[in-house]
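K.L.:
Generate coordinates for the sequence data below:
(one chain, ligands or ions: 1)
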Amino acid sequence: MTGTTLDDYTDRYARRVRGMTASEIRALFAVASRPEVVSLAGGAPYISALPLDAVGEMLGRLASENGATTLQYGIGQGMLDLREQICEVMALSGIDGGCGASPEDVVVTVGGQQALDLVARLFLDPGDVVLAEGPTYVGALGVFQTAQAQVVHVPMDSDGLIPEALELAIAEVARTGRRAKFLYTIPTFQNPTGVTLTEERRERVLDICERAGLLVVEDDPYGQLSFDGEAPAPLRARRRDGVFYLSTFSKTFAPGLRVGWILAPHAVRDKLVIASEAQILCPSAFAQSAVTSYLTTMPWREQLKTYREVYRERRDAILDAMGDLMPTGTTWTEPGGGLFVWASLPDGLDSKAMMPRAIAARVAYVPGTGFYADGTGTGHMRLNFSFPPPERIREGIRRLASVMEQEMAM
Ligand code: PMP
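P.N.:
As a prediction, the model looks like this:
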């Protein structure tokens, strides 16, 4: 209700509240979750692929056998056992002791979202600039907006962030007398595009940031959800100085537990812990124990394979359906992993304006505008393929294509 006449508190809010607006995705969830609607709008993992009975038994044991720890307060940085496990998880993608990763420098967070908020708290003053891919993760835009920072988007193509465009953006920001504080990037199976930054561009992006004195905030929730071979190594595996690595168990295990982490440069680690303690005292001991127990007692590598297989089949289903059914003039990304496809609509179509007609036709997506700080993106949409089964995906694309055809005929 911020900024409306219905809100008696308007004059009392802190300045940072003025920029707070409801995310388009949240607003969509209520309608998109009706059973008759095929929702390609969400970003939820397919939790039914987990062995839920076994997970349930494990959770029960956490309370009955170890409740004195799991139901108690813990330390702000997060449990050492879990931080050690996190280092093993990161080592799988090349972030290991050799590049300075250690449990000492891991801070456990309440999902990847708190990790983003902490980095923003540490580095952003009102008016500071953040560079980010255009489009970028909607939840990061919310964090940067609350920090009263300005997001400058850097264009991407099918190989990810364009290094030349990054150089231009840095120069443009400098020309206006400001300095970008960091590059926020999701280099692997990006949300919302599904696009992956190529090996060659990874080195160039790191070089450009280093030369410009720009920190890099690498957000990597999807790197382990690859369908066609391993993803390129994260930026943090290539460079340790000035790179913050953020990830989460939300997509590889379960988002309901809200466990994520930051691997921070050593010098910053203490400040992150202090900021986190001020926010939440400590992450949930129960949730941390659940993840630790999952990683130490259950076949999580096998589960990761299962997630990959389920999503690969669904990725194939959405790409096949789009190839068969989408009107001429529509283009889309071909993700090698993750949860999303990004579609670009034929000229003249507006994904935001079309949304009520799509809902009436019982299909939902997220309009591209949700992923830009500046209201652009009307010609695009994000489509999720992780949650609906393949036949529902095809039906959703059939409905969507038919709405688009009607719009084009109008
Ligand atoms: N970063 C990105 C790029 C994401 O897509 C998400 C989840 N949608 C998050 C961070 C937040 O993750 P979590 O659910 O663990 O808070």
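
K.L.:
Quick check: the gap between the residue in the chain that the ligand sits nearest to and residue 319.
P.N.:
The chain approaches the ligand most closely through residue 111 (2.6 Å), counting by Cβ to the nearest ligand atom. Where C-beta positions appear, they are placed from N, C-alpha and C, glycine not excepted. Look at residue 111 and residue 319: by Cβ to Cβ, to the nearest Å, they are 29 Å apart.

K.L.:
and what of residue 264?
P.N.:
Per Cβ to Cβ, residue 264 is found 37 Å from residue 319.

K.L.:
Quick one: find the helix or strand in this structure with the lowest mean pLDDT.
P.N.:
The weakest-scoring helix or strand in the chain, judged by mean pLDDT, DSSP states H and E, is helix 24-32 (a mean of 71).

K.L.:
Give me the next element, helix or strand, following that one.
P.N.:
As assigned by DSSP states H and E, the chain's next helix or strand after helix 24-32 is strand 38-39.

K.L.:
List of residues touching that next one?
P.N.:
Contacting residues not belonging to strand 38-39 are listed as 32-33, 362-364, 384, 387-388, 392-393, 395-396, 399 [Cβ atoms under 8 Å, 6 or more residues apart in numbering].

K.L.:
Please flag which of those sit within strands.
P.N.:
Of the contacts of strand 38-39, the ones assigned to strands by DSSP state E are 363-364, 384.

K.L.:
what about residue 111 and residue 319, which has more around it?
P.N.:
Neighbour totals were compared for residue 111 and residue 319, and residue 111 leads with 22 against 18 (other Cβ atoms under 10 Å).

K.L.:
burial count for residue 62?
P.N.:
20.

K.L.:
In contact with residue 55, which residues?
P.N.:
By Cβ under 8 Å, 6+ apart, the contact set of residue 55 is 254, 294, 298.

K.L.:
what residues does the stretch 301-410 of the chain put near the ligand?
P.N.:
Residues of the stretch 301-410 of the chain lying near the ligand by Cβ under 6 Å from any ligand atom: none.

K.L.:
Kindly report the same for the chain.
P.N.:
Taking Cβ under 6 Å from any ligand atom, the part of the chain that reaches the ligand is made up of 43, 111-113, 137, 139, 186, 191, 219, 221, 248, 250, 255, 260.

K.L.:
Take those and lay them out in CSV including secondary structure and distance to residue 86.
P.N.:
Listed next are the residues of the chain next to the ligand as CSV, based on DSSP: H, G, I helix; E, B strand; the rest coil; distance: Cβ to Cβ, whole Å:
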residue, secondary structure, distance to residue 86
43, coil, 22
111, helix, 14
112, helix, 13
113, helix, 17
137, coil, 21
139, helix, 21
186, coil, 19
191, coil, 21
219, strand, 15
221, coil, 14
248, strand, 10
250, coil, 14
255, helix, 17
260, strand, 10
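
K.L.:
follow-up on the earlier one: as CSV, the contacts of residue 55 with neighbour count would be great.
P.N.:
Formatted as CSV, those follow (neighbours: other Cβ atoms under 10 Å):
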residue, neighbour count
254, 19
294, 24
298, 16
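
K.L.:
which is the next helix or strand following the top strand by length along the chain?
P.N.:
Ordering each strand of the chain by length in residues (DSSP E) puts strand 150-157 first. Using DSSP H and E, the helix or strand that follows strand 150-157 in sequence is strand 160-161.

K.L.:
chain center to stretch 170-188: distance?
P.N.:
20 Å (Cα atoms, centre = their mean, to the nearest Å).

K.L.:
Start and end of that stretch, how far apart?
P.N.:
22 Å (Cα to Cα, to the nearest Å).

K.L.:
try stretch 358-376
P.N.:
Chord length of stretch 358-376, first to last residue, is 20 Å (Cα to Cα).

K.L.:
how about it: buried residues?
P.N.:
Buried residues in stretch 358-376, defined by neighbour count with 16 or more other Cβ atoms under 10 Å: 358-359, 361-373.

K.L.:
Over to stretch 91-98?
P.N.:
Buried residues in stretch 91-98, counted by 16+ other Cβ under 10 Å: 93-95.

K.L.:
residue ranges of the strands in this protein, please?
P.N.:
38-39, 106-109, 129-134, 150-157, 160-161, 180-185, 215-219, 243-248, 260-263, 331-332, 340-344, 363-364, 366-367, 380-384.

K.L.:
Redo those as a markdown table? Include mean pLDDT and distance to residue 20.
P.N.:
Below are the strands of the chain laid out as a markdown table (pLDDT from 0 to 100; distance: least, Cβ to Cβ, whole Å):
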| stretch | mean pLDDT | distance to residue 20 |
| --- | --- | --- |
| strand 38-39 | 96 | 25 |
| strand 106-109 | 98 | 21 |
| strand 129-134 | 98 | 17 |
| strand 150-157 | 98 | 15 |
| strand 160-161 | 98 | 27 |
| strand 180-185 | 97 | 19 |
| strand 215-219 | 98 | 21 |
| strand 243-248 | 98 | 22 |
| strand 260-263 | 98 | 22 |
| strand 331-332 | 98 | 32 |
| strand 340-344 | 98 | 25 |
| strand 363-364 | 96 | 24 |
| strand 366-367 | 95 | 19 |
| strand 380-384 | 98 | 22 |
